[in-house]
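In: Quick one, fold the following:
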Amino acid sequence: MPNEGVNPHRIKTKDVVEVEVKEVFGLAKGRSGYSFVDYLDQKVLDTIKEINLVVYTIPKNKLIGEEFAKGIIIEIVIGKKMSWAGLAHETNANQRSKWSSWMDKCVEKKVTILSKITSEVKKEDGIVGLVKEEKKSK
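Out: Numbers count the residues shown, from 1 in each chain. This next block holds a predicted model:
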């Protein structure tokens with residue numbers, strides 16, 4: 001996975017404008033992103049599918065986000081290198097951070113319900129070291 005060039009999360013408006021995204025992918029499907037189902041260029045489709053699979057594991061649908069779409073346009077249409085590894089790394093870090101926050105909330109709820117100490121709940125659930133550092137117990 002290429003790590004040279006700009007991370008798609010860091011694309012500036014001057015690099016690719018919304019008009020170019022609409023010309024290639026059509027109108028966005030609400031907040032979900034751009035559809036690539038009807039796109040006919042096999043090279044672009046193969047690139048989207050390959051990168052999408054690595055970054056997001058199993059795509060939920062045939063939509064890609066705005067930053068992803070702009071990255072494809074910059075790489076395929078304009079011909080500049082994109083750091084897809086940077087996109088994957090940042091996306092994974094964001095996903096892990098959200099998971100960790102969610103787990104912290106779950107642990108805190110369980111601590112409150114069972115009147116246990118946070119470290120005990122984490123140990124019982126096998127999540128010691130996977131979520132944020134232990135807070136002072138009640």
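In: where does residue 83 land on pLDDT?
Out: pLDDT for residue 83: 90.
In: so it makes contact with residue 11?
Out: No: in this structure, residue 83 is not within contact of residue 11 by CB atoms under 8 Å, at 10.6 Å. Placement of C-beta: from N, CA and C, glycine included.
In: separation between the residue nearest to residue 56 when sequence neighbours are not counted and residue 116?
Out: Excluding its sequence neighbours, the residue lying closest to residue 56 (CB to CB, 6 or more residues apart in numbering) is residue 91, at 7.3 Å. When distance is defined by CB to CB, to the nearest Å, residue 91 is 34 Å away from residue 116.
In: Repeat that for residue 126.
Out: When residue 126 is compared with residue 116 (using CB to CB), they lie 15 Å apart.
In: burial count for residue 8?
Out: 27 (other CB atoms under 10 Å).
In: you'd agree residue 29 is up against residue 63?
Out: Yes: at 5.9 Å, residue 29 counts as touching residue 63 under the criterion of CB under 8 Å.
In: The two - which one has more neighbours?
Out: residue 63 (19 against 13).
In: Ramachandran angles for residue 104?
Out: phi -60, psi -40 (degrees, to the nearest 10).
In: And the pLDDT at it?
Out: We have a pLDDT of 86 for residue 104.
In: Skipping adjacent residues, who's closest to residue 32 in space?
Out: residue 63 is the one closest to residue 32 (CB to CB, 6+ apart), at 4.9 Å.
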